[in-house]
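K.L.:
Sequence and predicted structure, then a few things I'm wondering about:
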Amino acid sequence: MADSDLSRRQFIGATAGTVVGAAAGGAIDGDAVAAQGQPGTPAAATAGQDLILVNGRIHTMDARNTVVRTVSIRNGRIATAGDATPARRAGDRVIDLRGRTVVPGLIEPHVHIVSLANRPGYHTILENTRSIREVQEALAARRKEVPAGQWITSMGGWHPNQWKEHRHPPRQELDEAVPDRPVLLYERFTGPCATNSMGKAYFDMMDAGAPVHPDIKPVKASDMGAIAAAGFAGGGPSASALFHLRRLQTFDDKLRSTTDAMRYSAAVGLTAHLDQVLFPTPGPLHPSQILSNLDQYRMYDSWLALHRDRKTLVRLQTNFLQNQNNPGLPELKERLRNQFQYFGDDMMMTGSIGEWAAPLGAGAVWREAQRLVAEAGWHNENSVHNIPELTQVVDAWEAVNKEFDITKQRWVVHHVPVVTKDLLDRLKTLGCGVQMGAFNWVTSSDPKVVVGAPFRTILDHGIPAAIHGDGVHIAPLNPWQHIYFAVTGLNSFGAPVNGDQQITRQEALRTFTRANAWFLRMEDRIGSIEPGRLGDLVVLDRDYFAVPDEEIKQVRSVLTIVGGTIVHDTKAV
């Protein structure tokens, strides 16, 4: 480590406790603490031991939507699901659910959790907070486990629309919550950011010193602790702040952040993810890189290390995003030549091409990318945001299909805020599926603007359909907030912004479980509670099917089981 890096770390530690401002008073919000996800060590069943759950309302999500009272898991798989309690053997563990609701482990088919696993600092979940007061409580709760001199951060997932004040907290309010640790809140891809007094002092010092990189721009934290947004290219104040924190990050830090991401996922009942990467940038860190820029070859290292040590808590499948405009498409060609599709095990495996093979606006280059993927016999995905883009995709895929049969490869379009029956018909003929983005409620602020997706239209069509939240940069990872939007059509302000496109609670949950398994090619293993399937299930803290609509957003897990192993346990059952 360079002497200058050491001195900057020492600066943070030396200034602890020197900032004026009291810690946030009052009781710490329980949901803010639970949202961080702090289960104990995963409790695996011993060899030959069954895990038996009795006296529950267990929604199996099988073909008939059967609800049963008892489920047993043996050797990581569902052994029985019914009303009769199976015969018990010596050593079996029996959990009395006392009437609680149980659902299959939820599945996210379009997410960026590997990016969350690479967050610098002690990342703090703020996506469930509803006010600046709750933000302060969550940060103060996180402070209890953060060593002196370490950063408390919250990057992506939240949006000020979700807070009743609809603004960032200024420096003084962050100081009230955390006076003795530097804090940085970073909004979406590019900022803007907010920092406390310790954070501002650090950035001021970095601005005043010799530049740590020839391309870095000053952070210029204001007196209020505000840091201006960066651009998507070329850097800027927020990107510079991120660069400073990423330079401090060690591999052990990444292992901790990865474990935290898994724990939070388990706490909200998400047991399987299809990661879609984002804007790959191979090579060394650079101050122009924003939150969604990571090295596409090294970003998985911490997750892989935990997987090798059998410490992963949730399932991960990883797609490969290619973002080159280069007509030669060298990165895509090398990926198709050297990578294996669907290689690994049920806890961690490769996927295929997604979120796209080349930028949609790259014209002939994009069309050639579709052809190359089809020629290689690979699965392919593309996000679209309007009818012209969706039409472009369908036209190109039909043309490709005339040369190479893609009808068995399950190609997929994402987001689809608008559709037509004709385009859905044509996609279905190609064997394609549709992932319905449920995240637009986050930034919606005008009730006159319909934000989609057209859930009702797409589900009624009969094409394979999924719901995804696209966390953790532009939207929360928490699936229950997206389910709430699919069911109610309401945005953060409580305004109806999706017309008549609402679906039922049963449909929304079924889409996030059984239906989403198809998009990971794991429909024979996850997504429902049936004998022979992997033992992934979630015991809820309330009855999702009976609570008022507003409470859907507060649904959490009290017990999450992945492959028969308890990975999250609040000791409520």
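P.N.:
Looks like it arrived, so ask away. Numbering: from 1, shown residues only.
K.L.:
Pass me the low-pLDDT residue ranges in this protein, would you?
P.N.:
For the chain, applying pLDDT under 70 flags the ranges 1-48.
K.L.:
Mind doing that once more with 90?
P.N.:
1-49, 85-91, 277-283, 296 (pLDDT under 90).
K.L.:
Specify the beta-bridge partners of residue 414.
P.N.:
In this structure, residue 414 has the following beta-bridge partners (DSSP bridges): residue 383.
K.L.:
Can you report how many residues lie near it?
P.N.:
Neighbour count of residue 414, defined by other C-beta atoms under 10 Å: 25. In this view, the C-beta of every residue, glycine as well, is placed from N, C-alpha and C.
K.L.:
contacting residues around it?
P.N.:
110, 276, 354-355, 381-384, 435, 437, 468, 470 (C-beta atoms under 8 Å, 6 or more residues apart in numbering).
K.L.:
Against residue 255, how distant is residue 144?
P.N.:
As judged by C-beta to C-beta, to the nearest Å, residue 144 and residue 255 stand 21 Å apart.
K.L.:
Looking at these two, which is more packed in?
P.N.:
A side-by-side neighbour count of residue 144 and residue 255, using other C-beta under 10 Å, places residue 255 first with 18 against 8.
K.L.:
Let's verify the more buried one: helix, strand, or coil?
P.N.:
Look at residue 255: counting by DSSP: H, G, I helix; E, B strand; the rest coil, its state is helix.
K.L.:
What of the one 4 residues further on?
P.N.:
Recorded secondary structure, residue 259: helix (three-state DSSP).
K.L.:
Quickly find the element holding the residue lying closest to it once chain neighbours are set aside.
P.N.:
Taking C-beta to C-beta, 6 or more residues apart in numbering, and ignoring the residues beside it in sequence, residue 259 has residue 306 as its nearest neighbour in space, at 6.8 Å. Element membership of residue 306 [criterion: DSSP states H and E] is helix 301-308.
K.L.:
Run a quick neighbour tally on residue 328.
P.N.:
10.
K.L.:
doesn't it fall inside a strand?
P.N.:
No: assessed with three-state DSSP, residue 328 is coil; it does not lie in a strand.
K.L.:
circling back to that earlier point, within the sheet, what are the partner strands of the next helix-or-strand element following the helix holding residue 306, with directions?
P.N.:
Counting by DSSP H and E, the element after helix 301-308 in chain order, helix or strand, is strand 315-320. Looking at strand 315-320 with DSSP bridges, its paired strands and their directions are strand 270-275 (parallel), strand 348-353 (parallel).
K.L.:
Out of those strands, which one sits most buried?
P.N.:
Per-stretch averages of neighbours, counted by mean count of other C-beta atoms under 10 Å, single out strand 270-275 among the strands paired with strand 315-320, with a mean of 28.
K.L.:
by how many degrees do it and helix 301-308 diverge?
P.N.:
Angle between the axes of strand 270-275 and helix 301-308 is 130 degrees (criterion: axes from the mean of the first three to the mean of the last three C-alpha atoms, to 10 degrees).
K.L.:
list the helices and strands the helix holding residue 306 packs on?
P.N.:
When contacts are defined as 3 or more C-beta pairs under 8 Å, 6 or more residues apart in numbering; DSSP states H and E, helix 301-308 sits against helix 113-117, helix 251-267, strand 348-353.
K.L.:
What about this protein, which residue is the most distant from its middle?
P.N.:
Here the centre of the chain is the reference, and by C-alpha atoms, centre = their mean the most remote residue is residue 90, at 39.9 Å.
K.L.:
Could you check how far that one is from residue 142?
P.N.:
Distance from residue 90 to residue 142, counting by C-beta to C-beta: 43 Å.
K.L.:
Same check on residue 483?
P.N.:
Applying C-beta to C-beta, the value for residue 483 to residue 142 is 26 Å.
K.L.:
Check residue 195 too.
P.N.:
Relative to residue 142, residue 195 is positioned 15 Å away (criterion: C-beta to C-beta).
K.L.:
Those two - which one has more neighbours?
P.N.:
Neighbour count, other C-beta under 10 Å: between residue 195 and residue 142, residue 195 has more, with 29 against 24.
K.L.:
Name the nearest residue to that one, ignoring sequence neighbours.
P.N.:
Here the residue nearest residue 195, using C-beta to C-beta, 6+ apart, is residue 225, at 4.7 Å.
K.L.:
How many residues are close by the one you found?
P.N.:
Residues near residue 225, counting by other C-beta under 10 Å, number 25.
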